[in-house]
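Asks: all I have is the shape, not the residue letters:
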C-alpha cells in the first residue's frame with residue numbers, strides 16, 4: 001500500500017485529523033507517542049501529509065488544504081487556487097462546458113474548472129499523482145464532474161471536449177526548466193494539441209520569450225498580490241493579443257502596440273509597474289496612463305510629475321535624487337532619522353541587505369530607496385509610497 005492508500009482508511013483519516021496542527025518541531029515526540037498505537041508507516045504518512053497540507057494553505061486556503069491530499073511535487077507545482085479560479089471563469093464565460101486537463105497534477109486546476117460547472121477529464125501519467133487528484137475530487141465533493149485517468153497525455157483522445165488545458169512539467173532533476181522544448185511534454189506538442197481543439201489554454205513559465213509565443217495565440221501574464229505566477233497561451237480567443245492580468249480583481253491591461261516611452265529626467269513621482277505588466281512588455285501602456293517617461297531606456301521604472309493612480313503600477317513620491325554614493329545616502333538617512341528602509345533595485349548589482357548593513361538605518365521614520373540607473377548612470381532615488 002502507498003501512503004495515500006493508508007491515509008484513505010478510517011484509521012488513516014482519524015489519524016490525519018489528530019495530527020492536523022502538529023508543530024514540525026514536535027514531530028519526533030508526536031511520532032514516538034503515536035507509534036505505540038498505530039503502524040509506523042501510517043504515522044509517518046499522516047505526519048508527512050499534515051506537513052504538506054500546512055505548506056499548501058498559501059495556495060489553496062486553510063479549508064481546502066485541510067481536506068486535500070498532496071505530494072511534495074504537487075504542492076510545489078500546482079496552480080494557486082485564485083489563479084486557477086480566474087482561468088476557469090474565463091473558460092466558463094466563453095461557453096466552455098468540458099475540458100481535457102492534461103498533466104493535471106494533484107488536480108488544482110481540475111477542481112477550479114469543476115467549481116465553475118465544467119466537466120473535466122483530468123489526466124496524469126504518474127500513478128501517485130493521479131491517485132491524489134482522484135482523492136481530491138472526492139474530498140471536495142466534485143467527483144461527479146471530474147474523471148481522473150492515469151495515462152500518457154500524448155495518447156489521450158481529446159475529441160469531443162470543448163477545450164484542452166495543458167500544464168507541462170517545468171521542473172526536472174536539476175530544478176526549473178527554462179527551455180520550452182524541454183518541458184514534459186514539449187511546448188510544441190502542447191501547441192499542436194491546442195490547435196486541434198476549439199479552445200485551449202497552455203500554462204507556461206512567465207519568463208517565456210515573446211518570440212516563442214505562436215502568432216495564433218493570445219498571451220496573458222498573470223500576477224496575484226503583486227507576484228507574477230504564470231503565463232497562459234490562449235487559443236480560440238484573440239490571436240496576437242497580449243495582456244497582463246492582476247489578481248485579485250481581475251484587472252486586465254491589453255497591449256495597444258505603443259512604442260517605447262521617451263527617457264526623461266526624474267519627476268516628482270516614480271511608478272513601479274506590476275511584474276505581469278513588465279513581463280507582458282506593457283510598460284508603455286502604463287507610462288501613457290500616468291503621462292510619464294522612463295528613467296532609463298533599459299529599466300522598467302516610469303517617472304512623472306503628477307500623481308495619477310493606476311492599478312497596474314505602485315506610485316512613490318520621490319524626495320531625493322542622488323548619484324550612487326553610499327556615504328551620501330547614509331548621511332541623508334541619518335538626517336531624516338530613517339530606521340525602516342525598504343530597498344528596491346532594478347539595474348543595480350548592489351544587494352539590498354548589503355546596503356542596509358552599510359547605511360545602518362536608525363530612527364522612527366521610514367523611507368524607500370531605489371537603486372537604479374538614470375539616463376545610463378547609477379543613481380539612488382529616495383521617497384515613500386504615494
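Replies: That came through fine. Bear in mind the structure is a predicted one, so any value in this text is a computation, not a measurement.

Asks: ok, residue 79 - contacts?
Replies: Shown in contact with residue 79 (C-beta atoms under 8 Å, 6 or more residues apart in numbering): 59, 87, 108-109, 112, 167, 203, 229-230. Just so you know, the C-beta spots here come from the backbone N, C-alpha and C atoms, and that holds for glycine as well.

Asks: that one: which element?
Replies: Using DSSP states H and E, residue 79 sits within no helix or strand.

Asks: rebuild the contacts of residue 79 as JSON lines, extending it with pLDDT, secondary structure and distance to residue 148.
Replies: Output for the contacts of residue 79, formatted as JSON lines (pLDDT from 0 to 100; DSSP: H, G, I helix; E, B strand; the rest coil; distance: C-beta to C-beta, whole Å):
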{"residue": "59", "pLDDT": "94", "secondary structure": "helix", "distance to residue 148": "20"}
{"residue": "87", "pLDDT": "97", "secondary structure": "helix", "distance to residue 148": "19"}
{"residue": "108", "pLDDT": "96", "secondary structure": "helix", "distance to residue 148": "13"}
{"residue": "109", "pLDDT": "97", "secondary structure": "helix", "distance to residue 148": "12"}
{"residue": "112", "pLDDT": "98", "secondary structure": "helix", "distance to residue 148": "15"}
{"residue": "167", "pLDDT": "92", "secondary structure": "coil", "distance to residue 148": "15"}
{"residue": "203", "pLDDT": "95", "secondary structure": "strand", "distance to residue 148": "18"}
{"residue": "229", "pLDDT": "94", "secondary structure": "strand", "distance to residue 148": "24"}
{"residue": "230", "pLDDT": "94", "secondary structure": "strand", "distance to residue 148": "22"}
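
Asks: closest one of these to residue 316?
Replies: residue 229 (24.1 Å; C-beta to C-beta).

Asks: so residue 205 touches residue 182, yeah?
Replies: No. The pair residue 205 / residue 182 is not scored as a contact, 11.1 Å apart, by C-beta atoms under 8 Å.

Asks: the more surrounded of those two?
Replies: Ranked by neighbour count (other C-beta atoms under 10 Å), residue 205 and residue 182 place residue 205 first, with 17 against 13.

Asks: what separates that one from residue 12, distance-wise?
Replies: 36 Å (C-beta to C-beta, to the nearest Å).

Asks: next one: residue 306
Replies: 62 Å.

Asks: pick out whichever of those two has more residues nearby.
Replies: Set residue 306 next to residue 12 and count neighbours by other C-beta under 10 Å: residue 12 wins out with 21 against 10.

Asks: where does that one fall, phi/psi-wise?
Replies: Note on residue 12: its backbone torsions stand at phi -70, psi -40 [degrees, to the nearest 10].

Asks: so what's it closest to, chain neighbours aside?
Replies: residue 6 (5.0 Å; C-beta to C-beta, 6 or more residues apart in numbering).

Asks: contacting residues for that neighbour?
Replies: 12, 41-42, 45.

Asks: now the helices: where do they sit in this protein?
Replies: 3-7, 10-19, 27-34, 40-65, 72-77, 81-93, 108-115, 127-139, 187-195, 275-279, 283-290, 326-336, 352-359 (DSSP state H).

Asks: most tightly surrounded among those helices?
Replies: helix 108-115 (a mean of 27; mean count of other C-beta atoms under 10 Å).

Asks: so which helix or strand of this structure has the lowest pLDDT on average?
Replies: The helix or strand of the chain with the poorest confidence is strand 171-172; it has a mean of 64 (mean pLDDT, DSSP states H and E).

Asks: between the contacts of residue 6, which is nearest residue 136?
Replies: If you rank the contacts of residue 6 by distance to residue 136 using C-beta to C-beta, residue 12 comes first, at 15.5 Å.

Asks: run a quick neighbour tally on residue 376.
Replies: Residues near residue 376, counting by other C-beta under 10 Å, number 12.

Asks: check residue 2 too.
Replies: Using other C-beta under 10 Å: residue 2 sits among 11 other residues.

Asks: try residue 156
Replies: Count around residue 156 with other C-beta under 10 Å applied: 17.

Asks: my read: it touches residue 101, true?
Replies: No. Under the criterion of C-beta under 8 Å, residue 156 makes no contact with residue 101, lying 10.3 Å away.

Asks: between these two, which contacts overlap?
Replies: By C-beta under 8 Å, 6+ apart, the residues touching both residue 156 and residue 101 are 121, 123.

Asks: list the contacts of the residue nearest to residue 270 when sequence neighbours are not counted.
Replies: Excluding the flanking residues, the one nearest residue 270 by C-beta to C-beta, 6+ apart is residue 316, at 4.7 Å. Contact partners of residue 316, counting by C-beta under 8 Å, 6+ apart, are 269-272, 368, 370, 383-386.

Asks: among these, which ones are buried?
Replies: Neighbour counting by 16 or more other C-beta atoms under 10 Å classes 269-272, 368, 370, 383 among the contacts of residue 316 as buried.

Asks: do a quick rundown of the strands in the stretch 101-250 of the chain.
Replies: Secondary structure of the stretch 101-250 of the chain (DSSP state E, counting those that start in this stretch): strands located at 119-124, 146-150, 163-166, 171-172, 175-176, 199-204, 218-224, 227-235, 242-247.
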